[in-house]
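> Need the 3D shape of this:
(one chain, ligands or ions: 1)
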Amino acid sequence: MWLTLLYCCTGGGALLYVLYKWVIPHVVQYHPGLTLFWHDRIVERVLDTLTQSTRPQRMLAAVHNNATRGDPRSVVKAIDQFCRQKEWAMNIGDEKGCILDSVVSEVNPAMVLELGTYCGYSTVRIASQLPPHAKIITLEFNPQNAAVARQIIAWAGLGEKIKLIEGSSGDWIPKLKEQFGVDTFDLVFLDHWKDRYLPDTKLMEECGLLRKGSILLADNVICPGTPEYLEYIRNSPRYKSQYFKSHLEYTRVEDGLEKSIFLG
Ligand SMILES: C[S@@+](CC[C@H](N)C(=O)[O-])C[C@H]1O[C@@H](n2cnc3c(N)ncnc32)[C@H](O)[C@@H]1O
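Next comes the predicted model:
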């Protein structure tokens, strides 16, 4: 009887492991709602409880273990490997990251604003391509995420180029000129909560942070989606807008970036 019980437990455990590690991730990777629910609500909570750590902390450990200090490319690679092999996370990711890289290299910005730092993955990607003397200001309102991002940025050796401000976009956008001597931004990367894209764009317009030719690059315009922002940016005579089709980070769900030129 004990042997039967042992077989049942081992078999059940193995079945659960196969479901958790391969079957469910494979099935949900094509479905926008299910994929976010599985990775964000189920896996993250289970792993947080089992490991008594947070996803950003686990990502930081992966950077410390696998990336070379002072080498931004190895930091980006370590995070992508962690997210593809261990745990999904809401960085822009490797696929859309290539689109981000090409926009940064085309714009060659002197002043960048990023809304939504999370663990600093896209911040590192952007900063590593900036010309000398260029700067990026990145805003993050979650203190735990900001603390991890600071360590990842320091590990990448990019502290000089990046100013991480802790606080909400709605509070900080109106203070950027006065407190940081910003004139206008050449490039703004929008990647915070999706319902803030439109109000923050209007706020940046009001505060005079955009100049003729400034570029707005918005992530996740399809998944989770930003319908009000797209409606505004595609129909306003003040912008010329273009969609770059791709996939939600580390999945096969459609997502994309919207690149919009401010016409003044
Ligand atoms: C999708 S993640 C950013 C991912 C990051 N850009 C990357 O690709 O590596 C969104 C982040 O924005 C932050 N956030 C959301 N709304 C915000 C707001 N209004 N102001 C500042 N940070 C915000 C969240 O706490 C979260 O860490």
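
> In stretch 207-221, which residues are buried?
207, 209-210, 214-221 (16 or more other CB atoms under 10 Å). Where you see a C-beta, it was placed from the backbone N, CA and C, and this is true even at glycine.

> now swap in stretch 154-168 and tell me
In stretch 154-168, counting by 16+ other CB under 10 Å, buried: 155-158, 161-162, 164-166, 168.

> now swap in stretch 90-109 and tell me
90-94, 96-97, 99-100, 103-104, 107, 109.

> Alpha carbons of it, in CSV - could you do that?
What follows is stretch 90-109, C-alpha atoms only, in CSV (Å, rounded to 0.1, in the frame of the first residue of the first chain):
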residue,chain,number,x,y,z
MET,A,90,6.8,42.5,-18.5
ASN,A,91,10.0,43.9,-20.1
ILE,A,92,9.7,45.0,-23.7
GLY,A,93,11.6,41.8,-24.4
ASP,A,94,14.0,40.8,-27.2
GLU,A,95,11.7,40.9,-30.2
LYS,A,96,10.1,44.4,-29.6
GLY,A,97,13.4,45.4,-28.1
CYS,A,98,15.0,45.2,-31.6
ILE,A,99,12.3,47.7,-32.9
LEU,A,100,13.1,50.0,-29.9
ASP,A,101,16.8,49.8,-30.7
SER,A,102,16.3,50.8,-34.3
VAL,A,103,14.1,53.8,-33.3
VAL,A,104,16.7,54.9,-30.8
SER,A,105,19.5,54.6,-33.4
GLU,A,106,17.4,56.5,-36.0
VAL,A,107,16.5,59.3,-33.7
ASN,A,108,19.9,59.5,-32.0
PRO,A,109,18.3,61.5,-29.1
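
> touching the ligand at all, it?
Yes. Applying CB under 6 Å from any ligand atom, one finds stretch 90-109 in contact with the ligand at 90-92.

> Let me know whether stretch 55-65 sits next to the ligand.
No. Stretch 55-65 is not in contact with the ligand by CB under 6 Å from any ligand atom; minimum separation 8.5 Å.

> distance between that stretch and the chain's centre?
Averaging C-alpha positions (CA atoms, centre = their mean, to the nearest Å) puts stretch 55-65 15 Å from its chain's average.

> Please identify the buried residues of that stretch?
55-60, 62-63.

> again, but for stretch 220-238
220-223, 226, 229-230, 232-233.

> now, which of those residues sits nearest the ligand?
Asn220 (6.9 Å; CB to the nearest ligand atom).

> List the residues that contact that closest one.
191, 194, 226, 248, 255 (CB atoms under 8 Å, 6 or more residues apart in numbering).

> cool, Cys223 as well?
Cys223 touches 32, 36, 248, 253-255, counting by CB under 8 Å, 6+ apart.

> and the contacts of Asn220 near the ligand, which?
Okay, of these touching the ligand (CB under 6 Å from any ligand atom), that's Asp191.

> Strands - which of the contacts of Asn220 land there?
Asp255 (DSSP state E).

> Which one of the contacts of Asn220 is nearest to the ligand?
Asp191 (3.7 Å).

> Give the full set of residues in contact with that closest one.
92, 114-116, 118, 122, 218-220.

> Recalculate using a threshold of 6 Å.
116, 219 (CB atoms under 6 Å, 6 or more residues apart in numbering).

> From Arg238, how far out is Pro56?
36 Å (CB to CB, to the nearest Å).

> Tell me the secondary structure at Asn91.
coil (DSSP: H, G, I helix; E, B strand; the rest coil).

> Please give me every residue in contact with Ser105.
Ser105 neighbours (CB under 6 Å, 6+ apart): Gln129.

> do you know how far it is from Arg58?
31 Å.

> Ok, Leu248 next?
20 Å.
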